[in-house]
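Q: What follows is a predicted structure for the sequence shown.
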Amino acid sequence: MPTSSKPIVIYVDADACPVKAEIYRVAERHRIMVHVVANSFMAIPRDPLIARVIVGAGADVADDWIAERVSRGDIVVTTDVPLASRCVKAGADVIGPTGRAFSEASIGMALATRNLMEELRSAGETTKGPKPFAPKDRSAFLSALDLAIERLKRAGFRADET
């Protein structure tokens with residue numbers, strides 16, 4: 001499929017995503033399809049561009065569903081660093097809810113940091129969790145999402161799925 005004929009699709013790792021409402025608004029404005037992927041029922045707006053995907057129970061079932069479908073021209077919203085790595089390798093744009101963009105250049109360090117923190121916790125160390133989600137994070141996310149969409153449009157991807 002030529003690049004210019006592929007629509008942009010947003011995949012949301014939805015179980016703990018604090019910016020779903022923002023994603024819906026941006027997707028509606030740009031006419032972009034959104035797949036909201038979760039292990040259980042989640043309320044979504046009644047909009048033909050927003051699809052609820054309920055996957056089976058299991059630690060990585062939602063991640064696997066997303067990673068098996070993404071490609072260049074897609075956007076993935078997740079806090080899950082291993083999923084982000086898989087999606088970056090598939091060519092997708094990956095953004096965390098705080099606006100942090102994962103790229104080929106940054107994903108190695110993000111994985112190493114995640115693995116180090118996991119090892120420390122399993123060894124009994126007390127580590128700080130993530131910072132509380134703040135209004136500035138929401139603003140940074142919206143900027144990062146708009147930037148990714150505009151970059152993909154310039155690359156020839158469509159943002160007009162109907």
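A: Everything's here; your move.
Q: Run through this protein and note the low-pLDDT ranges.
A: Scanning the chain for pLDDT under 70 picks out the ranges 1-4, 105-117, 119-121, 125-127, 129-130, 161-162.
Q: Quick test: name the residue nearest the centre of it.
A: residue 77 (1.3 Å; CA atoms, centre = their mean).
Q: what's residue 13 in contact with, if anything?
A: Contacts of residue 13 were listed using CB atoms under 8 Å, 6 or more residues apart in numbering, and they are 37, 62, 63, 66, 76, 77, 78, 79, 80, 83. Where you see a C-beta, it was placed from the backbone N, CA and C, and this is true even at glycine.
Q: try it again with 7 Å
A: Each residue near residue 13 by CB atoms under 7 Å, 6 or more residues apart in numbering is listed here: 37, 62, 63, 66, 77, 78, 80, 83.
Q: Shouldn't the fourth one be within a strand?
A: No. When the secondary structure is assigned by DSSP: H, G, I helix; E, B strand; the rest coil, residue 66 falls in helix instead of a strand.
Q: Including secondary structure and distance to residue 137, could the contacts of residue 13 go into JSON lines?
A: Below are the contacts of residue 13 laid out as JSON lines (DSSP: H, G, I helix; E, B strand; the rest coil; distance: CB to CB, whole Å):
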{"residue": "37", "secondary structure": "strand", "distance to residue 137": "21"}
{"residue": "62", "secondary structure": "helix", "distance to residue 137": "22"}
{"residue": "63", "secondary structure": "helix", "distance to residue 137": "22"}
{"residue": "66", "secondary structure": "helix", "distance to residue 137": "22"}
{"residue": "77", "secondary structure": "strand", "distance to residue 137": "13"}
{"residue": "78", "secondary structure": "coil", "distance to residue 137": "15"}
{"residue": "80", "secondary structure": "coil", "distance to residue 137": "17"}
{"residue": "83", "secondary structure": "helix", "distance to residue 137": "19"}
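Q: Go through those and name the one nearest residue 53.
A: residue 37 (4.5 Å; CB to CB).
Q: Pairing partners for the closest one in the sheet, please.
A: residue 13, residue 53 (DSSP bridges).
Q: Hmm, it is touching residue 10, no?
A: No. Using CB atoms under 7 Å, residue 37 is not in contact with residue 10; the gap is 10.7 Å.
Q: list the contacts for the closest residue in space to residue 157 that isn't next to it in sequence?
A: Nearest residue to residue 157, sequence neighbours excluded (CB to CB, 6 or more residues apart in numbering): residue 73, at 4.3 Å. Counting by CB under 7 Å, 6+ apart, residue 73 touches 3, 6, 8, 152, 157.
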